[in-house]
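Student: Here is a sequence with its predicted model. Questions after.
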Amino acid sequence: MTTRTRLLDPAVGRALSAVSATAKKGLGDPALAELVVIRASQLNHCAFCLDMHLALAREYGVSERQLDLLAAWEEAEDVFDERERAALALTEAVTVLTGGTSQAFGSGGGFVPDEVYERAAKHFDETRLAHLIGLVVAINNWNRVMVSRRIPPGGHTP
Amino acid sequence: MTTHTETTTTVEYAPERPARLEWAKHAPEVYKAMVRLETAARKGLDHTLYELVKIRASQINHCAFCIDMHTKDALAAGESVERIVQLSAWDESRHFYTAKEIAALELTEAVTVLTDGFVPDEVYDNAAKHFEEAELAQVIAAITVINAWNRFGVTCRMAPGHYEPGQYK
């Protein structure tokens, strides 16, 4: 497995970083941001992003128990609170827009279900929600540019 | 947009659903960064190809707003109705598209449907045959950006039907 290309236009890279940074700042919850970003990276199978954000999550003090059980958060009710669960459900819906066969979304999928959106809207005001959606979009961006170019994990130093 | 008048009958359409969230208003810095990303990603790419990529990704992600916008932009730029209509079945209508466009469409699908697993070597390698390295990086960036707009559009339920070609240019 070798890297396909490391090329990425610097202006594209800067704009991708700006989308991430502004969304994360507006969400105002670095630990939750890492849970969201790691869950999306699991769904998109991005090794580089998982490696980087698992390290960041530990820096922010996210517990090992949460990181261990994140891929099965729905079955781990005692480990994630309602706000985290609402954010993770939204993360999955926004990430798996295509529906299809993803295990995270069963055989249905497509769109963002009303119940998922409304559950998130109960826990996040409109400003936080807009930034939470922005954060899910931002990590989906990175997942795409990293997986496509096959950037290996390990390049990130905390 | 709610009625369509035939010669003798009037058909009632379902009502338009309101948007869930004016995300750009609530996250203006994120929106500005997205606009910069859009500008950076389209740099150096053929406009015809760019719109095909945008429409195909929007179809796969079911983004009604983006489909509305990019089909209108493509038509305004001289794209044929036939090529737009056939796009969701391009694999069966390859003779409507160039080999380079097909390579880009294959890559668009693979990069868009990441949740079903990676980007296959044969898809990447075929794209790499048709695009030199820097241009290919731009195609990947372009696919990434339309995926981003699709996510905002679908999640916030932005309503299709109101876009005028070139509105955001």
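Tutor: Structure's in. What do you need?

Student: What's the end-to-end length of stretch A:60-80?
Tutor: Start-to-end span of stretch A:60-80 (Cα to Cα, to the nearest Å) is 16 Å.

Student: That one: which residues count as buried?
Tutor: The neighbour-count check on stretch A:60-80 (16 or more other Cβ atoms under 10 Å in any protein chain shown) flags A:62, A:66-67, A:69-70, A:73, A:79-80 as buried. Glycine gets a C-beta too; all of them are placed from N, C-alpha and C.

Student: and the two most separated of the residues you listed?
Tutor: A:V62 and A:W73 (12.5 Å; Cβ to Cβ).

Student: what about B:Y168, neighbour count?
Tutor: 9 (other Cβ atoms under 10 Å in any protein chain shown).

Student: swap that for B:P120, please
Tutor: Neighbourhood size, B:P120 [other Cβ under 10 Å]: 12.

Student: That one against B:L107, yeah?
Tutor: No: at 9.9 Å, B:P120 does not count as touching B:L107 under the criterion of Cβ atoms under 8 Å.

Student: ok, which stretches of chain B are strands?
Tutor: B:3-5, B:10-12 (DSSP state E).

Student: Okay, and the residue nearest the centre of chain A sits in which element?
Tutor: Per Cα atoms, centre = their mean, the C-alpha nearest to the average position across chain A is that of A:V37, at 2.5 Å. Using DSSP states H and E, A:V37 sits in helix A:30-43.

Student: Point out the other elements, helices or strands, that that helix touches.
Tutor: helix A:10-27, helix A:47-59, helix A:82-95, helix A:126-149 (3 or more Cβ pairs under 8 Å, 6 or more residues apart in numbering or on different chains; DSSP states H and E).

Student: quick check, the shortest one touching chain B?
Tutor: It refers to helix A:47-59. No: counting by Cβ under 8 Å from any Cβ of the partner chain, chain B is not contacted by helix A:47-59; separation bottoms out at 10.0 Å.

Student: ok, B:A128 - how many residues close by?
Tutor: With other Cβ under 10 Å as criterion, B:A128 counts 16.

Student: how about it, what does it touch?
Tutor: Residues near B:A128 by Cβ atoms under 8 Å, 6 or more residues apart in numbering or on different chains: A:4, B:136.

Student: before we move on, back to that, take the helices and strands packed on helix A:30-43 and write them to a markdown table, including mean pLDDT, mean neighbour count and distance to B:G166.
Tutor: Output for the helices and strands packed on helix A:30-43, formatted as a markdown table (pLDDT from 0 to 100; neighbours: other Cβ atoms under 10 Å in any protein chain shown; distance: least, Cβ to Cβ, whole Å):
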| stretch | mean pLDDT | mean neighbour count | distance to B:G166 |
| --- | --- | --- | --- |
| helix A:10-27 | 98 | 19 | 22 |
| helix A:47-59 | 97 | 19 | 35 |
| helix A:82-95 | 97 | 22 | 28 |
| helix A:126-149 | 98 | 25 | 24 |
